[in-house]
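**Student:** Need the 3D shape of this:
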Amino acid sequence: MRRSLFMLLLAGVLFACGGTREKQERLALVKDYVMDQVGSLQVQLDSLVANVDNRQYDRAKVQFERARHTYKHIEPIIDFYFAGAGKAINGPAIDKADEHDDKVNYATGFQVAEEFLYPNVDTVRVEELKHEVAVLQSCGVRIHALMKGTELTDQNIFQAVRLHVLRIMSLGITGFDSPVALLSIPECGAALSGMQQLMMPFASDDSPSWGRTLSILMRAQQYLGSHDNFDSFDRATFIRRFLNPLSRSIFSFQNELGIDDNKWKEALDMRKQDFFEPNVYQAGFFTNERQIASAQLVALGKMLFFDPALSGNNKRACASCHRPELAFTDGKVRSVAFDFEGSVDRNAPTLINAAFQRSQFWDQRVMFVEDQITDVLSNRHEMHNSLDKASELLNASKEYQEAFKSAFNDALRKDIGNEPITPKMIGSALAAYVQSLSSFESRFDKYMRDSTALLSKEEINGFNLFMGKAKCATCHFMPLFNGSVPPMYAETESEVLGVPSSPDTVNATVDGDPGKYSTYPRELFKSAFKTPTVRNIALTAPYMHNGVYNSLEDVLDFYNRGGGKGIGIQLDNQTLPSDKLNLSIAEQRDIIKFLYTLTDTTALTSKPTHLPMLSDDQLNKRKIGGEY
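**Tutor:** Got it, this is the predicted structure:
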């Protein structure tokens, strides 16, 4: 009996050792492939530098395109393991200021070099071109050094590959990586080829999931090869027919192999099969709260959101400026100021999906929704109150005390305090409600996740234009359609558009609002504003931070002209490309028709039927949702 038990244990150890050895061999094969591609990249970048030095610009373009194709083969790994190096070699060609000091992060890499090489080399700026390709060459050297000392894991490889499916659909096919040469479509083919090679060491002939994955990858590459015109590329079909099925198939392949997901906090729930599934985005990634909000906490936050008792005059509620029927905006150019005395500085943005951002307010002055709430309550032009004063008032209400007691269990109270109602509790409850305002049941979402759902020909064309020729998606990143940068969502971008002070396109002058510069006084932040979501945009007019445009037709016309520079406004730091988009009136109409498919306020528009009783009889007559 003892001998049998010993043999079983020995067999188990040998099996485990064999499994470990096989795993190590697979990882070694992936590492060898990546290092081989890194080596090729260095050779191609060396050749690029030599051709530029010798003024052989046609040859330089050939090497440039080869180098970026090679990089695309390993981009999932580089972006996942070395985000800084990935941004340095293939980040946007826009200099960025640091919010915390006077440092400027100058753009480098492929996209910067592309602007010098395409469509034709500017011979006056050859020395600048030489500098940029030399910097690009040094990026390749850095990646080689980083990769050489890195140990890969199967969890990270599969997470990197799956996230790269999202990168291809949200950035790759939009022209984000190749805004001048428009080489994005063939480069997506290179990315898919690289993903195939990264997963190949895990493959086996008897794996049904791998068979499906390989079939999708090959058919997707064939589709890209035969539909490589940037403007006419059918992105809707490509996502529905190839990228979404590919995401689901890789998910199945990973599960079949028994490879777990990483356990750290992230924006996407990697237990979901694709990036259009309900609840795939996790608001907890974007908050500083430790606990997941309960239904009771959200309900309490909703009550507070509609209660004017939180304001300094007991007449204004959060819902005064964020009305549910208008996708939580107020329909005004600028919101009415406290006590009806003038207006605030900016247009009220939607709160739907506001939780899925790395910063809040048009000027990005705070990071978390909780801080946004504190700011609004204390702002003398908005709520003109404080969480401390609000907690004093609510503590005198037995009904509110019971509601808070029900919503905050012992775990939630641990870092908050033992008072019945504390300022932090109020902020946490309001934040929980705002974070619950998620909207992913639009007709567009259903079209992307359901093969039987339909959009019209014009709506699909509008989507393809939005994602391609019109360049909308290079700032409003799909699927969130805001400025949070996929696939890691570590940053929410701002842009300098050159928004005018009035709709006048003949004698246009830039709006005087300094934007992000008012919080972070850096030259590059002058007139910079956070990129908002365009989900529910059909309900949120007027548009821009100053409400200057009453219609989407006006907005499309502004972008079609090239933003502020296109209407005569001179801003040296405008980040929006000033080239005309050359969209026809019919194309602009189709884009608007697509934008209407993003409308969804399902289950978000209801209001409380009553507010808790307070100790003041006069306050008990207060209006649900406040006065406005």
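
**Student:** tell me the mean pLDDT for the helix or strand hosting residue 559?
**Tutor:** In this structure, residue 559 sits in helix 552-561 according to DSSP states H and E. Taken as a whole, helix 552-561 has a mean pLDDT of 98.

**Student:** Run through who's touching that helix.
**Tutor:** Helix 552-561 has contacts (C-beta atoms under 8 Å, 6 or more residues apart in numbering) with 470, 472, 497, 499, 503, 505, 537-538, 541, 543-544, 549, 566-567, 576, 580-583, 588, 591-592, 595. Quick note: C-beta positions are derived from backbone N, CA and C, even for glycine.

**Student:** So residue 315 is in contact with residue 626, correct?
**Tutor:** Yes: in this structure, residue 315 is within contact of residue 626 by C-beta atoms under 8 Å, at 6.1 Å.

**Student:** Show me the common contact partners of those two, please.
**Tutor:** By C-beta under 8 Å, 6+ apart, the residues touching both residue 315 and residue 626 are residue 308.

**Student:** higher neighbour count, those two?
**Tutor:** Neighbours were counted for residue 315 and for residue 626 using other C-beta atoms under 10 Å; residue 626 has more, 23 against 17.

**Student:** Let me see the contact set for the more buried one.
**Tutor:** Here residue 626 is in contact with 306, 308, 311, 315-320 (C-beta under 8 Å, 6+ apart).

**Student:** Which neighbouring elements make contact with the host helix or strand of residue 112?
**Tutor:** For residue 112, the host element (DSSP H and E) is helix 110-117. Judged by 3 or more C-beta pairs under 8 Å, 6 or more residues apart in numbering; DSSP states H and E, helix 110-117 is in contact with helix 57-81, helix 83-90, helix 126-148.

**Student:** so which of these comes closest to residue 26?
**Tutor:** With respect to residue 26, and counting by C-beta to C-beta, the nearest of those is helix 57-81 at 14.4 Å.

**Student:** any idea how far the nearest residue in space to residue 74 that is not next to it in sequence is from residue 77?
**Tutor:** Nearest residue to residue 74 in three dimensions, chain neighbours excluded: residue 37, at 4.7 Å (C-beta to C-beta, 6 or more residues apart in numbering). Residue 37 sits at a distance of 9 Å from residue 77 (criterion: C-beta to C-beta, to the nearest Å).

**Student:** So which of the two has more stuff around it?
**Tutor:** residue 77 (27 against 23).

**Student:** Which members of the contacts of helix 552-561 occur in helices, if any?
**Tutor:** 566, 588, 591-592, 595 (DSSP state H).

**Student:** Kindly reformat the helices and strands packed on helix 110-117 as JSON lines and extend each row with mean pLDDT and distance to residue 392.
**Tutor:** Below are these laid out as JSON lines (pLDDT from 0 to 100; distance: least, C-beta to C-beta, whole Å):
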{"stretch": "helix 57-81", "mean pLDDT": "98", "distance to residue 392": "49"}
{"stretch": "helix 83-90", "mean pLDDT": "96", "distance to residue 392": "45"}
{"stretch": "helix 126-148", "mean pLDDT": "97", "distance to residue 392": "55"}
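
**Student:** which of the ones you listed is buried the deepest?
**Tutor:** Across these, averaging neighbours per residue (mean count of other C-beta atoms under 10 Å) puts helix 57-81 on top, at a mean of 22.

**Student:** Find the nearest non-adjacent residue to residue 178, please.
**Tutor:** Per C-beta to C-beta, 6+ apart, closest to residue 178 is residue 184, 4.7 Å.

**Student:** Could you tell me how many residues sit around that neighbour?
**Tutor:** If we define neighbours as other C-beta under 10 Å, then residue 184 has 23 of them.

**Student:** contacting residues around residue 239?
**Tutor:** Taking C-beta under 8 Å, 6+ apart, one finds 169, 448 in contact with residue 239.

**Student:** ok, it to residue 467 distance?
**Tutor:** Residue 239 is 9 Å from residue 467, by C-beta to C-beta.

**Student:** could you pull out the strands for the stretch 251-400 of the chain?
**Tutor:** Here the stretch 251-400 of the chain has no strands by DSSP state E, counting those that start in this stretch.

**Student:** Point out where it drops to low pLDDT.
**Tutor:** Within the stretch 251-400 of the chain, the segments meeting pLDDT under 70 span 289-292.

**Student:** Break down it into its helices, ranges please.
**Tutor:** Applying DSSP state H, counting those that start in this stretch to the stretch 251-400 of the chain gives helices spanning 295-305, 318-321, 369-378, 387-395, 398-407.

**Student:** So which of those is nearest residue 114?
**Tutor:** helix 369-378 (37.6 Å).

**Student:** which residue ends up closest to the midpoint of this protein in space?
**Tutor:** residue 484 (2.6 Å; C-alpha atoms, centre = their mean).

**Student:** hang on, that residue packs against residue 358?
**Tutor:** Yes: between residue 484 and residue 358 a contact is recorded at 6.3 Å, counting by C-beta under 8 Å.

**Student:** where do the contact lists of these two overlap?
**Tutor:** Common neighbours of residue 484 and residue 358 (C-beta under 8 Å, 6+ apart) are 491-492.

**Student:** what's around the nearest residue in space to residue 619 that is not next to it in sequence, how many residues?
**Tutor:** Among residues not flanking residue 619 along the chain, residue 314 sits closest, at 5.7 Å (C-beta to C-beta, 6+ apart). For residue 314, the count of nearby residues is 20 (other C-beta under 10 Å).

**Student:** Could you pull up the residues touching the residue lying closest to residue 544 once chain neighbours are set aside?
**Tutor:** Excluding the flanking residues, the one nearest residue 544 by C-beta to C-beta, 6+ apart is residue 499, at 4.9 Å. Each residue near residue 499 by C-beta under 8 Å, 6+ apart is listed here: 510-511, 527, 529, 544-546, 548, 558, 564.

**Student:** Need those in a markdown table (columns: distance to residue 428 and neighbour count).
**Tutor:** What follows is the contacts of residue 499, written out as a markdown table (distance: C-beta to C-beta, whole Å; neighbours: other C-beta atoms under 10 Å):
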| residue | distance to residue 428 | neighbour count |
| --- | --- | --- |
| 510 | 39 | 20 |
| 511 | 35 | 20 |
| 527 | 34 | 25 |
| 529 | 28 | 24 |
| 544 | 32 | 20 |
| 545 | 28 | 22 |
| 546 | 32 | 21 |
| 548 | 36 | 20 |
| 558 | 39 | 25 |
| 564 | 40 | 24 |
